[in-house]
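Visitor: test case, fold it:
(2 chains)
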Number of protein chains: 2
Amino acid sequence: MLVGSSTGDDAGVYRISDELALVHTVDFFTPIVDDPYLFGQISAANSVSDIYAMGAEPISALNMLCFPEKQLDEEGMRLILQGGADKMREAGVVILGGHSIKDNELKYGLAVTGKIHPDKIIENNGLRPGDRLLLTKPIGTGILSTALKNDQLNGSDLDEIITSMLTLNRIPSQVMQKYDVSACTDITGFGLVGHIHEMVQRKNVDVVLQMERIPVFEKAREFAEQTVNIPGGTISNYKFCEDCFDAGAVESWNMSLLFDPQTSGGLCIAVSEKDSKLFPKAVKGYPFPIVEIGRVQPGSGKIIIR
Amino acid sequence: MLVGSSTGDDAGVYRISDELALVHTVDFFTPIVDDPYLFGQISAANSVSDIYAMGAEPISALNMLCFPEKQLDEEGMRLILQGGADKMREAGVVILGGHSIKDNELKYGLAVTGKIHPDKIIENNGLRPGDRLLLTKPIGTGILSTALKNDQLNGSDLDEIITSMLTLNRIPSQVMQKYDVSACTDITGFGLVGHIHEMVQRKNVDVVLQMERIPVFEKAREFAEQTVNIPGGTISNYKFCEDCFDAGAVESWNMSLLFDPQTSGGLCIAVSEKDSKLFPKAVKGYPFPIVEIGRVQPGSGKIIIR
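Guide: Take a look at the predicted model:
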């Protein structure tokens, strides 16, 4: 994670003029579902998420495809790219081209560009004491994707995470610009606490999370309690953050949820107390409730879980 | 080459306003030299080349690194990224961040953004009868990289292709905006004739190339004549273009040069006859001569080699 840890998972911003900044991000990964069309859509939703996390409007993208000639036929490639294109069309993004290379292992993702007024950029480190933290999707896609690989997930439990990973963070992102939002990040590979850790690092604040308020996919909670289907990334996320949090009396199996690496996860949005009740009601036409999971208080960069 | 063939190798362009268009490109590949710092520099020079081919000014980039944990240590990764950063600094490009994933095989490259006035974009398909074609670097890096892998290249022959692959196409690109240039492309994976084929496709012109004028690395010519160290890509490039060219009396071993896949190759620039003598003299501080290799005439999209 040399690049990842030195730059965070955030998009990079380039200021063109007093009126225009460009936001750039790139993400790609191996399939987490067998269906190539779904994989293309999920990877696109995941790639564009960093742009939404900064409150920007995505405008264009380039495909990146690494394909194993022997396992993947032309139809499979076409379906992946079609999935990416359809999801990007939903996001209002034009795909301008891309690059493909032969590889032993299939990987797909996109480099996405967004635009924003330089004064409207929402960074991940603006937390103020008193802010409330809102989360826009349940957590647990990592544990459930692992269960899927182990043939232990199907029916409505599967449908639920597919819906979540396919859902663009667009609507909550657009609402951010209308309220008193101090910071935002999207929850991806480092897990919920890993990404909140990036928000509080080197800040004179702590974040207090209420474990029972955090939305979790029901089946993910079951697996976590049984300590099964835990992805490898959970352990490294936990180790990386070991000194950053105080889990108090929270039962230890919850760590498998708090550090679960997410794919196309939700936004974690810091909003003033005053606006924290209004914000969730302003998010319309979005399939998940916007849930208050914690608050910010003066401190030293810790995450306290209660 | 699903993405590659549907979009060409060119950068994609997004129009922001009447004064500003953004040019985007992405490229990454496996090492062609053992030295990680050199590999990083070469990959960066190669990635930014598509921006120069359109006459644009590169401004920002994102790293993409696929790294095998077992073979590549942290120092190796650091040197690759340092090479990319140093070459991008030379190009005046800010690296904004990036993405890294574990992979069996090392790959590195960048997604690069450039800016240009929409009226100044130089596309690859504007050829006019009478234009002359200029080439800014010798060809043969594919055959010589293969020779390097086969331990058959060293000393000044090796230095020469390293210098070529490290050289930014910036200076000839900047000169393009001052002369009557109708089209440009950079010569990369499809080889010289493969990329010229993209220039003439679906146009009412032919291109006539003078084989003896085309600059070729001396050692590459030797290997081609002996039919040794020919990369696999040469054959597929040749097959893809089989019906697009007429090589007349040119000896067949020359095909191994004309279709040799280039890494960080030169620009092929179409310029009016009037300016074709002035252009090479205007390119100053650039390590290779700018050579006229052919001309454009009315026709049906063929490449004629004499």
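
Visitor: list the contacts for A:Thr113?
Guide: A:22-24, A:51, A:58-61, B:14, B:22, B:24, B:113 (CB atoms under 8 Å, 6 or more residues apart in numbering or on different chains). (Each C-beta comes from the backbone N, C-alpha and C, glycine too.)

Visitor: and the contacts of the helix or strand hosting A:Ser145?
Guide: Assessed by DSSP states H and E, A:Ser145 sits inside helix A:141-149. For helix A:141-149, the external contacting residues (CB under 8 Å, 6+ apart) are A:32-33, A:153, A:157-158, A:161, A:164-165, A:191, A:217, A:219-220, A:223-224, A:228-231, A:233-234, A:256-257, A:260-265.

Visitor: summarise which helices and strands whichever strand or helix holds A:Gln41 is packed against.
Guide: Taking DSSP H and E as the definition, A:Gln41 sits inside helix A:36-53. If contacts are counted by 3 or more CB pairs under 8 Å, 6 or more residues apart in numbering or on different chains; DSSP states H and E, helix A:36-53 sits against strand A:21-29, strand A:57-67, helix A:74-90, strand A:107-116, helix A:155-166, helix A:170-176, strand A:181-186, strand A:267-271.

Visitor: shouldn't A:Val13 be within a strand?
Guide: Yes - secondary structure of A:Val13 (DSSP: H, G, I helix; E, B strand; the rest coil): part of a strand.

Visitor: picking up where we left off before, helices - which of the contacts of helix A:141-149 land there?
Guide: A:157-158, A:161, A:164-165, A:191, A:219-220, A:223-224, A:233-234, A:256-257 (DSSP state H).

Visitor: hang on, the earlier thing: next one: the helix holding A:Ser145 to chain centre, how far?
Guide: 16 Å (CA atoms, centre = their mean, to the nearest Å).

Visitor: okay, the angle between it and helix A:36-53?
Guide: 170 degrees (axes from the mean of the first three to the mean of the last three CA atoms, to 10 degrees).

Visitor: would you put the C-alpha positions of helix A:141-149 in CSV?
Guide: This file holds the C-alpha atoms of helix A:141-149, laid out as CSV (Å, rounded to 0.1, in the frame of the first residue of the first chain):
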residue,chain,number,x,y,z
THR,A,141,-19.5,-6.2,1.9
GLY,A,142,-16.0,-7.6,2.6
ILE,A,143,-17.2,-10.4,4.8
LEU,A,144,-20.2,-11.1,2.5
SER,A,145,-18.0,-11.2,-0.7
THR,A,146,-15.8,-13.7,1.1
ALA,A,147,-18.9,-15.7,2.0
LEU,A,148,-20.0,-15.6,-1.6
LYS,A,149,-16.6,-17.0,-2.7
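
Visitor: most remote residue from chain A's center?
Guide: The outermost residue of chain A, judged against the average C-alpha position, is A:Lys70 (31.9 Å), by CA atoms, centre = their mean.

Visitor: could you pull up phi and psi at that one?
Guide: A:Lys70 adopts backbone torsions of phi -80, psi -40, taken as degrees, to the nearest 10.

Visitor: and for A:Ser272?
Guide: Here A:Ser272 shows phi and psi, under degrees, to the nearest 10, equal to phi -60, psi 150.

Visitor: so who does it touch?
Guide: With CB under 8 Å, 6+ apart, A:Ser272 has these contacts: A:128, A:130-132, A:179-180, A:182.

Visitor: any idea how chain A splits into domains?
Guide: Listed domain ranges for chain A are A:5-120, A:132-305 (source: automatic domain parsing).

Visitor: which of the ones you listed comes out lowest on mean pLDDT?
Guide: For these, mean pLDDT drops lowest on domain A:5-120, to a mean of 91.

Visitor: relative to the whole chain's centre, how far out is that one?
Guide: 13 Å.

Visitor: circling back to that earlier point, buried stuff in the helix holding A:Ser145?
Guide: A:141-148 (16 or more other CB atoms under 10 Å in any protein chain shown).

Visitor: dump those to TSV, plus distance to A:Glu292.
Guide: Shown next, in TSV, are the buried residues of helix A:141-149 (distance: CB to CB, whole Å):
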residue	distance to A:Glu292
A:Thr141	21
A:Gly142	23
A:Ile143	23
A:Leu144	24
A:Ser145	27
A:Thr146	29
A:Ala147	28
A:Leu148	30
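
Visitor: ok, A:Leu127 touching A:Arg295?
Guide: No - at 10.1 Å, A:Leu127 does not count as touching A:Arg295 under the criterion of CB atoms under 8 Å.
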